[in-house]
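Novice: When you get a sec, could you give me coordinates for this:
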Amino acid sequence: MDRSTNVHELKQLVKDFCEARDWDQYHGAKELAIGVSTEASELLAHFRFKSEKEIEEFFKDPKKRGEISEEAADVLYFLLRLAQRYDIDLASELKRKIEKNEKRYPVEKSKGSNKKYTEL
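Specialist: Numbering: from 1, shown residues only. Predicted coordinates for the structure are as follows:
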């Protein structure tokens, strides 16, 4: 579905789901940002203290892969809801951020390096 679904459709899906439940009252910017962080932490917990080999095995195990995928969807849900409620154009902002990072991380200086742009 990633290939055939756009961001606007996903934002509308989340909007319809939440409005049917009268959740706008609980979905202020602060609460939604907390939700992004909380769900991202739950995603991260799957990888804590695991080796790269163990992590690769997780993605081969349908049950574990499903758990990780569900946490990733939870992060996306809260991010989409924040963007939907506060009119953030995620596609435009991502493109703008990539352009900014292209200047910060020129290929000739950053290729193969994990240094922050301030260290290049």
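
Novice: for the chain, longest helix please?
Specialist: helix 62-85 (DSSP state H).

Novice: Sort out which residues of the following helix or strand past it are buried, please.
Specialist: Going down the chain from helix 62-85, the next helix or strand is helix 90-104, by DSSP states H and E. For helix 90-104, the neighbour count (16 or more other Cβ atoms under 10 Å) marks Leu90 as buried. All C-beta atoms are positioned from the backbone trio N, CA, C, and that covers glycine.

Novice: Output the longest helix of the chain as PDB, restricted to C-alpha atoms.
Specialist: Provided in PDB are the C-alpha atoms of helix 62-85 (Å, rounded to 0.1, in the frame of the first residue of the first chain):
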ATOM      1  CA  PRO A  62       6.900 -12.800  11.700                       C
ATOM      2  CA  LYS A  63       5.700 -12.300  15.300                       C
ATOM      3  CA  LYS A  64       8.600 -10.000  16.200                       C
ATOM      4  CA  ARG A  65       8.400  -8.200  12.900                       C
ATOM      5  CA  GLY A  66       4.700  -7.600  13.500                       C
ATOM      6  CA  GLU A  67       5.400  -6.100  16.900                       C
ATOM      7  CA  ILE A  68       8.000  -3.800  15.500                       C
ATOM      8  CA  SER A  69       5.800  -2.800  12.600                       C
ATOM      9  CA  GLU A  70       2.900  -2.000  15.000                       C
ATOM     10  CA  GLU A  71       5.100   0.300  17.100                       C
ATOM     11  CA  ALA A  72       6.300   2.000  13.900                       C
ATOM     12  CA  ALA A  73       2.700   2.500  12.900                       C
ATOM     13  CA  ASP A  74       1.900   4.000  16.300                       C
ATOM     14  CA  VAL A  75       4.700   6.600  15.800                       C
ATOM     15  CA  LEU A  76       3.400   7.400  12.300                       C
ATOM     16  CA  TYR A  77      -0.200   7.700  13.700                       C
ATOM     17  CA  PHE A  78       0.800  10.300  16.200                       C
ATOM     18  CA  LEU A  79       3.000  12.200  13.700                       C
ATOM     19  CA  LEU A  80       0.200  12.200  11.100                       C
ATOM     20  CA  ARG A  81      -2.300  13.300  13.700                       C
ATOM     21  CA  LEU A  82       0.000  16.200  14.700                       C
ATOM     22  CA  ALA A  83       0.500  17.200  11.100                       C
ATOM     23  CA  GLN A  84      -3.200  16.900  10.300                       C
ATOM     24  CA  ARG A  85      -4.400  19.000  13.400                       C
END
